[in-house]
Structures are given as C-alpha cells and as structure tokens.
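Asks: need a 3D model of the following:
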Amino acid sequence: MKKIMLAALMGMASPCLINAQNRPASLPATPADTAKKTAGIALPGAAKSAPKPYNQVITDKAISRKGMITTHKLEDKYFFEIADSVLGRDILVVSRISKAGAEVRSASGYSGDQIGSTVIRFEKGPSNRIFMRKLSFRTYGPDSTTAMYQNLQRSNVQAIAAAFNIAAFSPDKKGSVIDMTDYINSDNDIFYFGTPAVKTGLRLGMQQADRSYILGVKSFPTNVEINVVKTYLLTPAPPSVTYILSAAPGGTVPSGSATVELNASLVILPKVPMKPRYFDPRIGYFTTGYTDFDSNPQGIREIDMIKRWRLEPRAADMARYKKGELVEPLKPIVFYIDPATPKEWVPYLIAGVNDWQKAFEKAGFKNAVMAKMAPTAKEDSTWSLDDARHSAIVYKPSEIPNASGPSIADPRSGEIMESHINWYHNVMKLVHDWYMIQAGAIDPRAQKMNFSKELMGDLIRFVSSHEVGHTLGLRHNFGSSATVPSEKLRDKTFVEANGHTPSIMDYARFNYVAQPEDNIKPKGIYPRIGDYDLWAIEWGYKLLDAKTAAAEVPVLNKLTIGKLKNNRLWFGTESNGDDPRSQSEDLGDDAMISGNYGIKNLKRILVKLPEWTKENNEGYDNLKNMYGQLVGQLGRYMGHVAKNIGGVLETPKTVEQAGTVYQRNPAAKQREAIAFFDQQLFTTPTWLLDKNILDNTGRDPIYVVTLLQVPIINQILSNATLNKLITAEAIDGDDAYKITDLMADLNASIFAELKTGTAIDVYRRNLQKNYLARLIAIVNGPNANASNNDVSSVVKGELKMLGVSIKKAAINTKGQTKAHLDDLADRIDAALKGKE
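Replies: Predicted coordinates for the structure are as follows:
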C-alpha cells in the first residue's frame, strides 16, 4: 500500500511504503579525533560565562525524566542532561508526521509518514560547548586497523549541526545540561523535515513561530521522544497538483496555513554494530549501504546491507542451534497491540503476527516473533507506546484506507531497532471493496456491504501479516504470483494446499481467476505466508559460521543457487517497469488467460451490484463506489496485459548460474496481448455499460470507456515501449516482435471498419481519435526530429498509410461516419504538413 508522492520525495518505499536502497550515511570521526581538532580553539559566539551551579538551572520546580538522556521541563523550557557516557555515542533520529490536517494529506502527508532520518552524536567542544554533529556514513572502511581507515578519518569532517552552551554540570560532574528549547522550536532538518524537497512536496513553507509550540519531551532507557506542533504557510501548488486537487471532492486547493503534529525519535544505537548481511537482488530485503574504500585495493565497492532484526540464540543454546535444533532467541521480536484497538479485531491482528513463527523455524528459531496485548496502566504504569524498546501495531482512528509497516534501522549494520505499524481504521473499507470485486463471484460472503466479523477478521489478518513482513525487512515480491500457472489457479486441490501466490509480500490480493464452478474455499482465495516468505526469512536470519559479512557471501550464493531451482522461490522486484512477471495486483503466469477469467467474473458481479450494494434508507453512493471499483479492476487487467508489449524479463544471477539475466518477451506472447485488447478493450466492452447502473450513478459511458482505453494506448505507444521494440529487433532480428508489427496489428484492430465498410459508432470514433492523437503526438513531439532511432520514422509512415486508407474509405460512407473520417484525414494532413 503505497503513498507514492511522499515516498518519491523521501527517496524510499513504503511499505507498505516501498523503501528504495537507502544509502545512509563516511565513517564518523571518533570523539578522540574531534577533540584533537577542536582543543584550545576559541570559537566565535562561544559561551562567555561559566556554567552555573546545577540547582540554579535545574530547580526543584523542574519535571524530570531519567533515561538515555535525562530530560527536564522547567516552565516553558526543556533541558537535556547528557551523561558523559552518552557523549560520542551514535544516536539515530527518525522523524514522522503524527497528525495532519486535510490540507497536508491532500499532498500525501499522512499520520505515520516518515519525513526525516539521520544519525547524530553529542560531544564536548571548547569553551564549555556541546556540539551536535550530523553524521554521514556514505563512505566507510570497516577495518579500523588499515591505513585507508585512517585516511578516511582525516578526509571526512562531520558537520556540526548545532552548538549549545553548557548551562550546568551534573551534580556528579559526569554530565552536562544544555537548553534545547530554541532548537526544538526551530524549523531544523535534524528533528523534523530531513530535506527541503519533503516540505516542498507537502506545500509547507515558512514556519510560523507564533503558532508553533512544544507538546512534550519524554525520555526512556534507549530513546527520547520529542512531540511538537508546527504551523507553516502553504506554498502554491504546482499546476498538475492544482488540477488533481481541484477535481477531488470539495474541488478546491487548500491555501493559507497548515498545522501538523510532528514526532522525533532519538534512539541510541548499539556500541558494537551487529554483523551485517550483504544484500542479494535475488531475495527482496530493504537495505542501507555505503561506499567501501577499504575492501577493494583497486577501487571502491558499493555495499548494501539488508535490514533485519538481531536474532541470536542464548549462549547456552548455541551448540544446539549449530546442530540444527530449534531454539528460542535471546531477544524475540514482540509486537504489542495498541490498547485503543477495537477488541473484536485484536485476535486477528495477533494471528497475523504469529503466522510468521513458522518462517523463523526455517532459520532455526522457535517463538522468534509474537504479538501481545500492551499492558494497561494498572498492569504497568511505566509502559509506553513511545518507548523504543517496544514495537507495536498502533491503531489510528483515521479515514485513511491504508496500513503501513515502517521500521527504524541502524545505518551502520542494517539492524532493525523497533517498528510501529500504522493501522488505519478505514483499511477495512479498502479490503471490503477489494474482496467484493475480486471474490464476489465465488464467495457468497462477499456479496454485501457489511461483511461478517469472521470474514473481516480474516482480511485484517492477511493485511497484518503483510505489514509485519515489511517490518521484518521484506520488500514487496511482485513477481511471486507469476510463478503459478494461470490455469492452476482454478485447481481446487492445488490452491487450497499452496495458496494462489507463494508470497504474502506480493500484491496478489485475492484469487480472481477462480470460477464459481471450481468450488474453491477461502483457503484458496486468501493470501498467506508461502514458500517464498519461508525462504526469504531463512536466507536473511539463519546464522552462518562466518566471521564477517564478506565471508558469508559465497556460502549464501551456493545456498541460493540451489534453492532457486524451485521457481516458486523467485523474487520479482516491485521497481522493475519492464518485466511483465513483476506486477502489482496481478495473478498467474499469463496475463491474458488470467484477465479473461477475471473479466468473466466481473460480468457476473456487475449485474448483481445493485442488489449487493443496496442498503435501506440510503441512496446510490454504494453502487457508485463499487461500480468505480469494478471499472478500476478491469483497468488493472488491461494494465497487466499491456506490460507484455516490449516486455523484458530480468532474472538476477551470479556467474555460477546457467542462463542469461535478460530475455525479451516472446513475439507470440506480445501478439496474444494485442489480440486480448482487440477482443476485450478495442471492441467496446458494452457489457460494462449497464443502463440501470449508469442511470442511478450518473456515470458517463463514453468517459468510462475512454478511461480504460486511453491509458493503454498511451502505454503501448509510449517512447519507452517503442524503443524497447526497436532494441529487441536489433538483438533478435526476425524473431522479434517489431515496431512495424505492432503498428499493423493496432491499425487492423482499431480501424477494422475501414475494411468492412460498416458504420463507426460513438465509442469507436472516440477510440480512433485518441489513437490518432497519440500517433500525432509522437511525430510532433518536442524530441521527434532530434531522435535518431526509428520511432518517429515508423509512426510517420503509418500515419501516411492510414491517411490514404481513411480517405479511400470515406468516399463510400455518409453521416457521422463520413464526418469523422474526413476529420481524421484532415488531422493527419495537418500533422504531416512540414514534416516531409
């Protein structure tokens, strides 16, 4: 489940915000290195007065909380008391939106969204100052004994992000007190928005100090939580965003100011980082990384480390673990359920977490992950959701139809420190609509607006498992469902035993291919933790007898090559725009077969929608919404097929594996895709245009059909697709599906009336105009003449031939058909004028 705009601005995912491979941060200078550089230096603006006695700064009126950093609140002032033992320690700062108004959410700024992440270090400077350095790990030399390590130390100066006067020393003289009030109140990039681009994307401008304030600062044993309210002026929206927002319900673009509640978590990182595990593109994990100057004497290496929890056996159990016995980890992964969660859904959320226990057994651990109810205030008055020692599923009474599984990880090693899964109340509407449209034809329980507790609980359980998978480090596996033959999805015995996809990390949702006569039960309809998920956890978490991450690589490679002989363990990344196997919301290994079965079910559902969506004393909003969902589902089937045109299959391999990494999609498969469009899209899908539904929802049938056709035309005639066809011809010659083949097939389908001499109805006239508009845009585009490939040349030739055919056909037509064809001929002539 993605919030694309913010994720793009952050350069990360989400999982369901999808994280890209985040490169964290140069080897941080040690406190000793910094002390040598700053000793005896008189800094401009340094403190001119000596620190005061402790009791004159922190009086008996202060409200104090001991923890990683002891915090004091004194009237409207906030102080940090930093022990000397904390100075020089690496502290991870992660910033998120806690609450936001509609004016920010309209630009994809939602509760729980991460807006910044960095690592800081407090250290003493000259003249009674405390420096806060912003650390970078972009370059690294893991071996501190080498000359390269020392060179990096000398070459990288960590930025001083802020400097604070020491207001007082701790009574035991082992700590320093600094006033953090002004810094917390400021609009800084450490505690809040990490980059200007994030603020710009949310249309947030200058902070308004008179309408911003500190909510509170809490200290815990391993973290400090800062909560603030910030008000910003709203900046003008870009034209594209203005158009989108204007078209949304309400029809206005927010202006003026916006107030948000922000949270900054300061989490102390381990003194000794966990041994990392290097990323392998054949298994989908989120990553963090650095540029390694040390391991390769003849150059640099880009190192990516997977994000995972530190799971280790107890020392007494290590021998048993090495023998292959299941042991409990020293510290299991525990998710607490927010006490605010409606009680009826708690068992399903817990089950969604506990479902992962069997996966960790593959890695040698039992009871490695579990969910528990958070203790009540009576049971434990010190327990808090904000405590970084506690991971949780946090219930948010929000209208957002979503859930997300973010986590906080140590950028030095990839170790996940904690996670707060965001569970938005309205996610239930999302799963309801999915299930009715995808499973309504085969599950009678889906045929109403209010699902039973049992059904909704099952759907909540699946979403819970998916989000927990993200917090364990797993990315989406959009290729998993493509490892299952489409026809097998109708095999009752197979899908009930194995599921319809080998990974719950796929966006496979529900088995829309199954037909009513297949009599498949819910076990064959729902997603579940599957073969790939078991393998991915084994790969990421099983301990290996190797001293370093580099030493693990050959061991893991050999294991992976053997495992991948099982096609069900294949990983298809969510970020590949070319591979038709790696797609969101698809099922099966053949998009055309799966799409045809899906459309059969949509036809069954459509005629029943007025009955299923009816509620006493209500209007037709339900029908309008669910009809829109059905049209959207049909559009997904079309998009799945379109990716076959010009498709390039990518299968990452090491040199020890047989076969090539890249293959072009076979020409026969691409022809099947065009044939599918001819039958299901370019031939007007009149079954979709139910008069009763249209008359009760006000939907424009021409718009509905156009909404389906235009994106597909634009996709298969995009420069990217056409260029891939040219490349394929260059490599595969006559075996390739050429750009000229595509044009011939499209013209034969979209302009079939030119040969038959039949009248052209309104839907087909719009289709032909939109198709022609795309061809003309290619020829008249800004880069048409600058391009040195065949795209513009071929399209220009097609336009000439099409113009001749249209003029010839127009002679024997009349009425609207003749007017239409004459208009098309004029458009072609105008487009080609001056292009000779």
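Asks: show me where the stretch 101-250 of the chain has its strands.
Replies: Ranges of strands in the stretch 101-250 of the chain, per DSSP state E, counting those that start in this stretch, are 114-125, 129-135, 139-140, 159-169, 175-179, 204-207, 213-219, 223-234.
Asks: of those, which is nearest Asp826?
Replies: Comparing the strands of the stretch 101-250 of the chain by their distance to Asp826 (Cβ to Cβ), the top pick is strand 223-234, with 45.7 Å. The C-beta positions use only the backbone N, C-alpha and C, and glycine is treated the same way.
Asks: tell me which residues of that closest one come out buried.
Replies: 223-228, 230-232, 234 (16 or more other Cβ atoms under 10 Å).
Asks: ok, that strand: who's next to it in the sheet?
Replies: Strand 223-234 pairs in its sheet with strand 204-207 (antiparallel), strand 213-219 (antiparallel), strand 257-268 (antiparallel), by DSSP bridges.
Asks: got these as a markdown table, with distance to Val641 and mean pLDDT columns?
Replies: Formatted as a markdown table, the strands paired with strand 223-234 follow (distance: least, Cβ to Cβ, whole Å; pLDDT from 0 to 100):
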| stretch | distance to Val641 | mean pLDDT |
| --- | --- | --- |
| strand 204-207 | 40 | 93 |
| strand 213-219 | 51 | 95 |
| strand 257-268 | 41 | 92 |
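Asks: which one of the buried residues of strand 223-234 is nearest to Tyr637?
Replies: Tyr637 lies nearest to Leu234 out of the buried residues of strand 223-234, by Cβ to Cβ, at 39.0 Å.
Asks: tell me the pLDDT of the closest one.
Replies: For Leu234, the model assigns a pLDDT of 91.
Asks: and for Leu135?
Replies: 89.
Asks: give the bridge partners for Ala258, please.
Replies: Tyr232.
Asks: hang on, the earlier thing: now the strands of the stretch 101-250 of the chain in CSV, with distance to Ile731?
Replies: Shown next, in CSV, are these (distance: least, Cβ to Cβ, whole Å):
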stretch, distance to Ile731
strand 114-125, 42
strand 129-135, 46
strand 139-140, 38
strand 159-169, 48
strand 175-179, 63
strand 204-207, 48
strand 213-219, 60
strand 223-234, 51
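Asks: out of those strands, which is closest to Ala482?
Replies: Ala482 lies closest to strand 114-125 among these, at 30.4 Å (Cβ to Cβ).
Asks: tell me what that closest one is packed against?
Replies: Counting contacts by 3 or more Cβ pairs under 8 Å, 6 or more residues apart in numbering; DSSP states H and E, strand 114-125 is packed against helix 4-10, helix 31-38, strand 91-100, strand 129-135, strand 159-169, strand 257-268.
Asks: how about Ser98, nearest residue that isn't a chain neighbour?
Replies: Nearest residue to Ser98 in three dimensions, chain neighbours excluded: Glu261, at 4.2 Å (Cβ to Cβ, 6 or more residues apart in numbering).
Asks: what about Pro329, distance to Leu311?
Replies: Separation of Pro329 from Leu311 (Cβ to Cβ, to the nearest Å) stands at 5 Å.
Asks: list residues touching both of the two?
Replies: Taking Cβ atoms under 8 Å, 6 or more residues apart in numbering as the contact rule, Pro329 and Leu311 both touch 365, 368.
Asks: before we move on, back to that, closest to Gly588 out of the helices and strands packed on strand 114-125?
Replies: Closest approach to Gly588 among the helices and strands packed on strand 114-125 is made by helix 4-10 (25.6 Å; Cβ to Cβ).
Asks: mean confidence for that closest one?
Replies: For helix 4-10, the per-residue pLDDT averages 38.
Asks: with stretch 588-598 instead?
Replies: What stretch 588-598 shows for mean pLDDT is 98.
Asks: returning to what we had before: can I get the strands paired with strand 223-234 in TSV with mean neighbour count?
Replies: Below are these laid out as TSV (neighbours: other Cβ atoms under 10 Å):
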stretch	mean neighbour count
strand 204-207	18
strand 213-219	17
strand 257-268	21
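Asks: of all those, which lies closest to Val93?
Replies: Ranking the strands paired with strand 223-234 by proximity to Val93 (Cβ to Cβ) places strand 257-268 first, at 5.4 Å.
Asks: doesn't Pro652 lie inside a helix?
Replies: No - read with DSSP: H, G, I helix; E, B strand; the rest coil, Pro652 is coil and lies in no helix.
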